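K.L.:
predicted model and sequence below, questions to follow.
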Amino acid sequence: AGPGRAQLKDRFDPRRHRIELGRAPLLRFVIAREPGSARWLLLELQHHLIGDHTTLELMHAEVRAVLEGREHELAAPQPFRNLVAAARLGVGADAHEEFFRGVLGDIDEPCTPFGLCEVQGDGSRTREAQRMLPQALSVRLRVQARRLGVSLASLCHLAWGQVVARSSDREQVVFGTVLFGRMHG
């Protein structure tokens, strides 16, 4: 029923295939033989809570290094217990709550783009549109982010905040995103 890549993409489309947060693993790989050839395909499935674009680039660079025989160039892996210790011994929940109450305490109504506030459901009626940015614009955005001393993701989050503000007719907006720290670099 078509090229293997298209079949895998369709079979594991995130609009129909969900990774349950409460069920390990949150990073999975699906392998399949390309129909009519000896070629193998690999599809990586990752829950958005455990990674972002930077994480993905780093993982792919590490895999390339191993495949090219350069694993000796990689940093030594850190024990998982270090991450657990940082999470458990770091700032307590009270400090986080105090911070967010101070920043968001005066927000008393949701930001609803175009007045759409009833958006629950299984997502089956959702439509998605994608558009690639021209290469020249991508380069300009990266240069601007470096000039400002922020990540490209931060710049894009600011732009999305502007979209939410304009489409909800609000000056102050709040929206959720996934931004994880890099654990001291």
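P.N.:
Looks like it arrived, so ask away.
K.L.:
so who does S168 touch?
P.N.:
111-114 (Cβ atoms under 8 Å, 6 or more residues apart in numbering). C-beta here means a position set from N, CA and C on the backbone, and glycine is covered the same way.
K.L.:
let's see which of those end up in helices.
P.N.:
Among the contacts of S168, no residue falls in helices (DSSP state H).
K.L.:
for the residues you listed, which one is nearest V150?
P.N.:
Using Cβ to Cβ, C111 is the member of the contacts of S168 that sits closest to V150, with 22.3 Å.
K.L.:
per-residue pLDDT, the closest one?
P.N.:
Per-residue confidence (pLDDT) for C111: 82.
K.L.:
run through who's touching stretch 67-81.
P.N.:
By Cβ under 8 Å, 6+ apart, the list of residues contacting stretch 67-81 reads 62, 65-66.
K.L.:
and that stretch, how far apart are its ends?
P.N.:
End-to-end distance for stretch 67-81: 27 Å, by Cα to Cα, to the nearest Å.
K.L.:
state the distance from the most centrally placed residue in the chain to L158.
P.N.:
Centroid-nearest residue in the chain, with Cα atoms, centre = their mean: D52, separated by 3.6 Å. Remark: distance between D52 and L158 (Cβ to Cβ, to the nearest Å) = 16 Å.
K.L.:
regarding the most far-flung residue of the chain relative to its centre, what is its secondary structure?
P.N.:
Residue farthest from the centre of the chain, counting by Cα atoms, centre = their mean, is G36 at 34.1 Å. Under the three-state scheme (DSSP: H, G, I helix; E, B strand; the rest coil), the conformation of G36 reads as coil.
K.L.:
start at 497 instead
P.N.:
Got it, first residue is 497 now, which makes that one G532.
K.L.:
phi, psi for it please.
P.N.:
Backbone geometry at G532, expressed as degrees, to the nearest 10, gives phi 80, psi 10.
K.L.:
show the buried residues in the contacts of S664.
P.N.:
Among the contacts of S664, those buried by neighbour count (16 or more other Cβ atoms under 10 Å) are 607, 609.
K.L.:
nearest to P499, out of the contacts of S664: which one, please.
P.N.:
Distance to P499, by Cβ to Cβ, is smallest for P609 among the contacts of S664, at 36.3 Å.
K.L.:
right, I'll call it a day here.
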